[in-house]
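**Q** Structure for this input, please:
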Amino acid sequence: MPAHKLPDGPEKAPFLQKFKWITKPLEVLETYSQSYGDICTAYVGLGKKPIVLISNPQAIQEVFTTDPKYLDSGEVAGIKPAFIGQQSLIALSGDRHKRQRKLLTPPFHGERMLAYGKIIQDLTEKVTSQWAIGSPFSVRSAMQKITFQVILKAVFGLEDGKRYQQLQQLLTTRLEGTKSIFRAILLLFPFLQKDWGPLSPWGRLMENERQIDKLIYAEIQERREKLDPSRTDILSLMMAARDEAGEPMTDVELRDELITLLVAGHETTATSLSWAFYWIHHQPQVREKLLQELDTLGENPDPNAIFRLPYLDAVYKETLRIYPVAMMGFQRMVLSPLEIAGYHFQPGTILAPCIYLTHHREDLYPEPKQFKPERFLERQFSPYEYLPFGGGNRRCIGMAFAQFEMKLILVTVLSRWQLALTDSKPMLPVRRGLLLAPPDGFQMVATGMRHQNQQVLQTSSM
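**A** Just a heads-up that it's a prediction; the model follows:
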């Protein structure tokens with residue numbers, strides 16, 4: 001194969017490809033896969049260059065295990081995340097990325113996570129206590145309220161007060177203030193990212209960002225002046241971390257990582273939870289089997305016991321398989337001539353594992369459009385066959401926290417509430433910014449409350 005030839009792909013104009021990718025992403029991915037196979041070239045990502053989409057597990061393994069000095073992500077691969085910042089782990093490359101990842105790993109260690117269990121359970125009960133039996137509610141909004149407050153309390157370590165309220169309001173405006181398609185257009189077309197003052201979309205976002213930064217830097221400064229080694233929130237642990245030279249993270253690094261954790265850990269987890277509640281109640285047999293397992297826990301179960309439940313784990317994994325929140329893993333740029341899956345790639349080529357297409361391979365997941373948690377009880381999948389959090393040196397650093405949080409919220413809600421879908425029709429995903437999410441109108445209704453097999457209150461109308 002000639003060294004300069006990229007894998008086959010659509011010949012449409014790049015702008016038209018990108019527009020269709022914004023409006024109908026799954027149709028685009030499935031059409032490309034059917035037409036060009038599990039390695040193809042298309043204009044579907046950030047920046048102006050085409051991307052080589054990979055959904056072949058063997059090729060994905062080669063991508064994930066290639067030394068970053070030959071194939072790396074971050075800013076060198078064209079990732080310049082707006083709002084998140086250039087000191088974020090997502091944007092860094094090479095040795096700087098390696099250093100930052102080492103600094104950030106300890107706060108997400110398994111033992112550390114257990115300290116956040118009570119916070120997650122309490123916030124879940126606080127939000128869901130506002131539900132009224134017989135009154136429909138927005139599932140995504142409810143889940144976002146929970147995950148957002150988990151971030152503010154467990155990650156930022158903020159207590160209720162003026163700064164908490166201000167930051168909550170500003171961040172809510174930031175994350176919810178734009179329509180999904182328009183947000184995607186702003187993010188995918190950098191030339192639209194111009195600050196023309198408060199009347200321009202990007203100008204409003206920039207002013208919002210400046211106000212958020214003012215509050216975050218004030219919090220960091222206050223923490224530095226009043227060091228408290230007993231604090232266990234992730235910001236405090238990040239501030240205490242030191243690299244191999246004994247140097248701490250700078251204020252800018254702390255700010256960028258906090259925003260990264262917020263953006264990567266708030267809406268993504270809320271979206272996955274929304275899908276989980278849909279599938280659990282769309283398929284009664286899944287719900288019944290899950291409730292039977294939950295009822296074996298007894299009162300006030302240990303979070304470790306919840307985390308290890310096999311069927312809950314299978315439901316969680318299948319939720320992230322069928323509609324992974326991120327359709328693609330982080331794009332990587334070839335830095336030195338490289339051969340992967342028989343293709344010879346030259347420096348400057350962009351490669352990206354396609355999570356959605358890999359998760360929908362018939363040879364790995366028979367009947368991939370069907371929600372079947374049992375598939376994860378019947379076999380183990382490699383990190384190159386099942387990759388909802390990406391992989392290699394770019395695997396999501398908050399993966400264990402997200403798993404723990406999602407399972408704990410599911411158990412807390414399902415153990416207390418009887419829920420039902422307000423619409424029995426199948427629900428299809430829509431683009432929400434860069435994510436794959438349930439439609440905004442997705443609602444459920446509380447039909448009663450339960451305590452281990454015993455429904456103590458129920459409406460006659462449901």
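**Q** Mind listing what's buried along the longest helix along the chain?
**A** For the chain, the longest helix by residue count, based on DSSP state H, is helix 201-225. For helix 201-225, the neighbour count (16 or more other Cβ atoms under 10 Å) marks 201, 204-206, 208-209, 212-213, 215-216, 219-220, 223 as buried. Every C-beta, even on glycine, is put in place using the N, C-alpha and C of the backbone.
**Q** ok, so of those, who is nearest residue 28?
**A** residue 201 (25.0 Å; Cβ to Cβ).
**Q** The residue lying closest to residue 450 once chain neighbours are set aside is in what secondary structure piece?
**A** Once flanking residues are discounted, residue 450 sits nearest to residue 418: 5.3 Å by Cβ to Cβ, 6 or more residues apart in numbering. Of the helices and strands defined by DSSP states H and E, residue 418 is found in strand 417-421.
**Q** cool, and residue 118?
**A** According to DSSP H and E, residue 118 maps onto helix 117-128.
**Q** do the same with residue 101
**A** Taking DSSP H and E as the criterion, residue 101 maps to helix 94-104.
**Q** what packs against that helix?
**A** Helix 94-104 sits against helix 251-265, with contacts defined as 3 or more Cβ pairs under 8 Å, 6 or more residues apart in numbering; DSSP states H and E.
**Q** Please enumerate residues in contact with the helix it packs on?
**A** 81, 83-91, 100, 104, 147, 151, 155-156, 171, 175, 212-213, 216-217, 220-221, 234-235, 238-239, 249, 396, 398, 401-402 (Cβ atoms under 8 Å, 6 or more residues apart in numbering).
**Q** so what secondary structure elements neighbour the helix or strand just after that helix?
**A** Using DSSP H and E, the helix or strand that follows helix 251-265 in sequence is helix 267-282. On a contact count with 3+ Cβ pairs under 8 Å, 6+ apart, helix 267-282 meets helix 139-150, helix 284-294, helix 310-322, helix 399-416, strand 417-421, strand 435-437.
**Q** pLDDT averaged over helix 267-282, what's the number?
**A** Helix 267-282 comes out with an average pLDDT of 96.
**Q** From the chain's centroid, how far away is that helix?
**A** 12 Å (Cα atoms, centre = their mean, to the nearest Å).
**Q** re the thing from before, other SSEs contacting the strand holding residue 418?
**A** Other helices and strands packing on strand 417-421, by 3+ Cβ pairs under 8 Å, 6+ apart, are helix 267-282, strand 443-451.
**Q** Determine which residue lies closest to the centroid of this protein.
**A** The chain has residue 268 as the residue nearest its centroid, 3.4 Å off, counting by Cα atoms, centre = their mean.
**Q** does the nearest residue to that one once chain neighbours are set aside belong to a helix or a strand, and which?
**A** Leaving aside its chain neighbours, residue 268 sits nearest to residue 325 (4.7 Å; criterion: Cβ to Cβ, 6+ apart). For residue 325, there is no host helix or strand (DSSP H and E).
**Q** Hmm, residue 325 is touching residue 433, no?
**A** No: contact criterion Cβ atoms under 8 Å: residue 325 and residue 433 do not qualify, at 10.5 Å.
**Q** With neighbour numbers in mind, choose between those two.
**A** Neighbours were counted for residue 325 and for residue 433 using other Cβ atoms under 10 Å; residue 325 has more, 24 against 19.
**Q** and that one, how far is that from residue 290?
**A** Taking Cβ to Cβ, to the nearest Å as the measure, residue 325 falls 21 Å from residue 290.
**Q** now residue 260
**A** 32 Å.
**Q** now do residue 56
**A** 33 Å.
**Q** ok, and which of the helices and strands packed on strand 417-421 has the densest surroundings?
**A** Mean neighbour count, computed with mean count of other Cβ atoms under 10 Å, is highest for helix 267-282 among the helices and strands packed on strand 417-421, reaching a mean of 23.
**Q** So for stretch 141-160, what gets flagged as buried?
**A** 142-158.
**Q** coming back round to it: tell me which residues touch the residue nearest to the centre of the chain, please.
**A** 325-326, 402, 435.
**Q** And for residue 397?
**A** Residue 397 is in contact with 89, 101, 104-105, 108, counting by Cβ under 8 Å, 6+ apart.
**Q** hmm, back to that, measure how the helix holding residue 118 sits relative to helix 139-150, angle-wise.
**A** 140 degrees (axes from the mean of the first three to the mean of the last three Cα atoms, to 10 degrees).
**Q** what angle do helix 117-128 and helix 399-416 make?
**A** Using the same axes, to 10 degrees: helix 117-128 against helix 399-416 is 50 degrees.
**Q** Flag every buried residue along helix 117-128.
**A** Quick answer for helix 117-128 (16+ other Cβ under 10 Å): 117, 119-121, 123-124, 127-128.
**Q** so where do the helices sit in the stretch 1-150 of the chain?
**A** Remark: helices assigned in the stretch 1-150 of the chain by DSSP state H, counting those that start in this stretch are 14-23, 25-36, 57-65, 94-104, 110-114, 117-128, 139-150.
**Q** among the ones you listed, which is nearest residue 383?
**A** helix 57-65 (7.1 Å).
**Q** Which neighbouring elements make contact with that closest one?
**A** strand 338-340, strand 350-353.
**Q** 10 Å - rerun?
**A** strand 51-54, strand 71-72, strand 338-340, strand 350-353, helix 355-359 (3 or more Cβ pairs under 10 Å, 6 or more residues apart in numbering; DSSP states H and E).
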